[in-house]
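**Student:** Let's see this in three dimensions:
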Amino acid sequence: MNVQDYMKLPYNIVIRHVTDDSGSYYFAKVQEFDGCMSDGETVEDAYNNIFEAMQGWIETKLEVGFNVPVPTDNQYSGKFVLRLPKSLHK
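**Tutor:** The predicted model follows:
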């Protein structure tokens, strides 16, 4: 696979608002890519910037021969847990 193939995959991007000593901004990261992060003044800026960071991250990994992780969907385990009173369980 090449960079563009990876960029088409549905990676998990997390964007959160941050206020710290440097100011107020939006921080974005890709959950599957260790160290792939970016920021922006608005949510849209952070979202656009993370895609640029992703492209560079993927290019670097491919150039040096490392594997690029594919998106994971760990959202659904297939397990359903239900709590109920002991009397009903009995």
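**Student:** What are the boundaries of the strands in this structure?
**Tutor:** Assigned by DSSP state E, the strands in the chain fall at 13-20, 23-30, 37-40.
**Student:** so which of those comes closest to V70?
**Tutor:** Proximity to V70 (C-beta to C-beta) singles out strand 23-30 among those, at 12.0 Å. For glycine as for every other residue, the C-beta is placed from the backbone atoms N, C-alpha and C.
**Student:** hang on, the earlier thing: columns mean neighbour count and distance to E59 on top of the strands of the chain, output as JSON lines?
**Tutor:** Below are these laid out as JSON lines (neighbours: other C-beta atoms under 10 Å; distance: least, C-beta to C-beta, whole Å):
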{"stretch": "strand 13-20", "mean neighbour count": "12", "distance to E59": "18"}
{"stretch": "strand 23-30", "mean neighbour count": "17", "distance to E59": "14"}
{"stretch": "strand 37-40", "mean neighbour count": "18", "distance to E59": "15"}
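**Student:** Out of those, which is closest to W57?
**Tutor:** In terms of C-beta to C-beta, the element of those nearest to W57 is strand 23-30, at 7.6 Å.
**Student:** how far off strand 13-20 does the closest one point, in degrees?
**Tutor:** Angular relation of strand 23-30 and strand 13-20 on a 0 to 180 degree scale: 160 degrees, by axes from the mean of the first three to the mean of the last three C-alpha atoms, to 10 degrees.
**Student:** No further questions, thank you.
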